[in-house]
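> Build me a model:
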Amino acid sequence: MPDSTPSGSSFGAFHSGRSNTAPSVGQRRKRHLRRLVELLPGRADWSAMRRHPRRDILAGLSVAVVALPLALAYGASSGLGARAGLATAVVAGALAAIFGGGALQVSGPTGAMTVVLLPILHRFGPDGVLLAGLMAGVILIGAALARLGRYARCVPTAVVEGFAIGVAAMIALQQVPAALGLASGHHDKVWREAVRAILAYVRGVRPAPLLMAAAVAVVVMTGNRWLPKVPFPLVAIVMATVIADVLPLGLDRVGAVPAGLPAPSLTFIRFDVVAALLPSALAIAVLAALEGLLSAAVVDAMGGGERSDPDRELFGQGLSNLAVPLIGGVPATATLARTAVNVRCGATSRLASFTHAVVLAVIAFAAGGLVADIPRAALAGLMFGAAVRMIKVGSLASILRTSRIDSLIVAFTFTVTVAVNLIAAVAAGVVIATLVAIATLARSCHIEAIPVEADAGRGDDPRSDDAQGSTVKSEISVYQLDGPWFFAATHRLLTSLTQIAGPRVVILNMSSVSALDLTAARVLAEVITYLRARGVTVLLAGVRPGHHELIINATGARPPSGELIHSDPAAAISHARALLAAAEARTQ
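Take a look at the predicted model:
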């Protein structure tokens, strides 16, 4: 081929250039070091903490009051105990406050995380939960170094809504045994355990636990709605504990919580179960990333200070989950409930969330015995209230009113979340949403025949006459291609163009083709070959620069690009008229 040598030499030069300029080991280390420095706190973070220290400390105190009962409830629900929840709130809250990507984010144990942890606890025991959390921390740090934070925000809204509703349902189902005054079983599926608990409760009804759980849930939900600045979770737990002490209700209690934090330990690490725990660790990492980044996105929308850095958020959550297992804590992430309290209380910097962790540490060391008498049913009611508040009724109603497809995605994601697991739900929801988006894009592609003016392409040619104008109309057809032409739209491209009959020259105006992939380019080449075999010449007009080389490669430069591709429809029509005139001259 005549142009093989130049292209080959260019390719060789390109390859040679890459090998000569390949980064050395030292350069790669410097690049990785720079990336790590980007994820660490900077001077701006420390400066912000000195601007309004009083406001931040007061906000941190308020958040700690709200976070204390939640930490105890989440720890107890995870199966590792209330002390594990408190330890997590202290360590994760402090580390994420310093290293996280959002200045106002507040991290700690979450109800959604218990959905993942209980199956791990039943299969591998407490050590399995700690090891899975440690592995999740490594995964999150790797994701931050790989700059994957930005992609976590690409999850469709319908998937997020279905996921949130599914997690809320699972949290509520997990609390059914405690709300009914029964011990939790060991079913992998929470709905099965809830059904078992209800059947057992029917055989021996005890109204006190259920009434207390319902009362706490109502107080939390209604109180936070009407007086958001009042720490109703703490108020409800204190009232429930007092009532349980005064009245002989026979309620199960949380039990003694040792003062202080557990000593750091690595005895939970077992390399023989690492492979088996990898899917669970991935689930924890994905859930931590989703919750943390979605919370950051909401805070950004609220206008709460500087915009968050998604990669730094992953890094901060990764460090937190590396440290928390060492002191027997459960995996953690940033949560919207505590973060929203932080914002509403006037926080301006990381000092607020760090203060919240310090206050909880003081409580853990000095007042751990105060939580021993809290009824388990009261914590279950607190979790019920948190689950209901996870559902954004307005956003869900908007989706159900405006889009049937998105409504189906919400229902599908919710069902998979409850019936299978969280990772399968997010993955399946994203796949379904992607397929819907692809189908929508494919339907936006159009091929339309456009009329050809009699004087089109004639310019100032004195030989142009009515006969030639008639030839343009009868033997030249122009078609307008619109939209993104890619693999999902190739069937329409093939069926539409191969049915063309009558004209001797077909001009495809591609000036409105917004995207073109290799599959569509190859189908276009097949169409050109098919029509040429039937004696029809195909010309392309208005090809965008980014699509030019793709078409040339797909067609193999047959016919030559100078004859195939033209700048605009007028130039293509002029070339078509010249081809028809030359063909007519040969027949005479």
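
> May I see the buried residues of the longest strand along the chain?
Secondary structure of the chain per DSSP state E: the longest strand is strand 505-516. Along strand 505-516, these residues count as buried under the neighbour rule (16 or more other CB atoms under 10 Å): 505-510, 513, 516. Glycine gets a C-beta too; all of them are placed from N, C-alpha and C.

> ok, those residues vs residue 77, which is closest?
Residue 77 lies nearest to residue 516 out of the buried residues of strand 505-516, by CB to CB, at 52.6 Å.

> Just to check, the closest one is in contact with residue 483?
No: applying CB atoms under 8 Å as the test, residue 516 and residue 483 come out as separate, 10.4 Å apart.

> Now do the helices in the stretch 51-200 of the chain.
Per DSSP state H, counting those that start in this stretch, the stretch 51-200 of the chain has helices spanning 53-78, 82-99, 111-145, 149-152, 157-174, 176-179, 190-203. These are given in chain order.

> What is the longest one packed up against?
Read it as helix 111-145. If you count contacts as 3 or more CB pairs under 8 Å, 6 or more residues apart in numbering; DSSP states H and E, helix 111-145 packs onto helix 25-39, helix 53-78, helix 157-174, helix 274-302, helix 310-323, helix 376-390, helix 422-443.

> can you rerun that using 7 Å?
Using 3 or more CB pairs under 7 Å, 6 or more residues apart in numbering; DSSP states H and E as the contact test, the elements touching helix 111-145 are helix 53-78, helix 157-174, helix 274-302, helix 310-323, helix 376-390.

> Tell me which of these lies nearest to residue 125.
When the helices and strands packed on helix 111-145 are compared for distance to residue 125 using CB to CB, the nearest one is helix 274-302, at 11.5 Å.

> Report the mean per-residue pLDDT for that closest one.
Averaging pLDDT along helix 274-302 gives 83.

> May I see the helices and strands packed on helix 111-145 arranged in CSV, with mean neighbour count and distance to residue 340 as well?
Below are those laid out as CSV (neighbours: other CB atoms under 10 Å; distance: least, CB to CB, whole Å):
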stretch, mean neighbour count, distance to residue 340
helix 53-78, 24, 10
helix 157-174, 23, 15
helix 274-302, 21, 8
helix 310-323, 26, 16
helix 376-390, 25, 10
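
> now those helices in JSON lines, with distance to residue 133?
Written out in JSON lines, the entries for the helices and strands packed on helix 111-145 read as follows (distance: least, CB to CB, whole Å):
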{"stretch": "helix 53-78", "distance to residue 133": "10"}
{"stretch": "helix 157-174", "distance to residue 133": "18"}
{"stretch": "helix 274-302", "distance to residue 133": "6"}
{"stretch": "helix 310-323", "distance to residue 133": "5"}
{"stretch": "helix 376-390", "distance to residue 133": "20"}
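
> closest to residue 268 out of these?
Ranking the helices and strands packed on helix 111-145 by distance to residue 268, with CB to CB as the measure, places helix 274-302 first at 11.1 Å.

> Next, the angle helix 82-99 makes with the closest one.
60 degrees (axes from the mean of the first three to the mean of the last three CA atoms, to 10 degrees).

> which ones are touching residue 174?
77, 114-115, 118, 190 (CB atoms under 7 Å, 6 or more residues apart in numbering).

> Looking at those, which is nearest residue 348?
Set against residue 348, the nearest of the contacts of residue 174 by CB to CB is residue 114 (31.8 Å).

> of all the helices and strands packed on helix 111-145, which lies closest to residue 214?
Checking the helices and strands packed on helix 111-145 against residue 214 by CB to CB gives helix 376-390 as the closest, at 6.5 Å.

> Look up how far residue 203 lies from the residue nearest to residue 85 when sequence neighbours are not counted.
The spatial neighbour of residue 85 that comes closest, neighbours along the chain excluded (CB to CB, 6 or more residues apart in numbering), is residue 75 at 2.0 Å. In this structure, residue 75 and residue 203 are separated by 30 Å, where distance is defined by CB to CB, to the nearest Å.

> try residue 252
When CB to CB is applied, the distance between residue 252 and residue 203 equals 18 Å.

> Quick one: closest of the helices and strands packed on helix 111-145 to residue 126.
Counting by CB to CB, residue 126 lies closest to helix 53-78 out of these; the figure is 9.6 Å.

> Return the distance of the closest one from the chain's centre.
With CA atoms, centre = their mean, to the nearest Å as the basis, helix 53-78 stands 27 Å off its chain's centre.

> same question, stretch 48-55
With CA atoms, centre = their mean, you get 33 Å for stretch 48-55.

> Next up, phi/psi of the closest residue to residue 374 other than its chain neighbours, please.
Distances taken as CB to CB, 6+ apart place residue 254 nearest to residue 374, at 4.7 Å, with adjacent residues excluded. According to degrees, to the nearest 10, the main-chain angles of residue 254 amount to phi -60, psi -40.

> Residue 254 reaches residue 377, doesn't it?
No: checked against CB atoms under 7 Å, the pair residue 254 and residue 377 is beyond contact range at 10.7 Å.

> before we move on, the earlier item: out of the helices and strands packed on helix 111-145, the one nearest residue 424 is which?
For the helices and strands packed on helix 111-145, proximity to residue 424 was assessed by CB to CB; helix 274-302 is nearest, at 9.3 Å.

> what's the angle from the closest one to helix 422-443?
Taking the same axes, to 10 degrees, one finds that helix 274-302 is oriented at 60 degrees with respect to helix 422-443.

> on contacts alone, who are the packing partners of helix 274-302?
Using 3+ CB pairs under 7 Å, 6+ apart as the contact criterion, the neighbours of helix 274-302 among helices and strands are helix 111-145, helix 149-152, helix 310-323, strand 333-334, helix 336-344, helix 422-443.

> same thing but at 6 Å, please
On a contact count with 3 or more CB pairs under 6 Å, 6 or more residues apart in numbering; DSSP states H and E, helix 274-302 meets helix 111-145, helix 310-323, strand 333-334, helix 336-344, helix 422-443.
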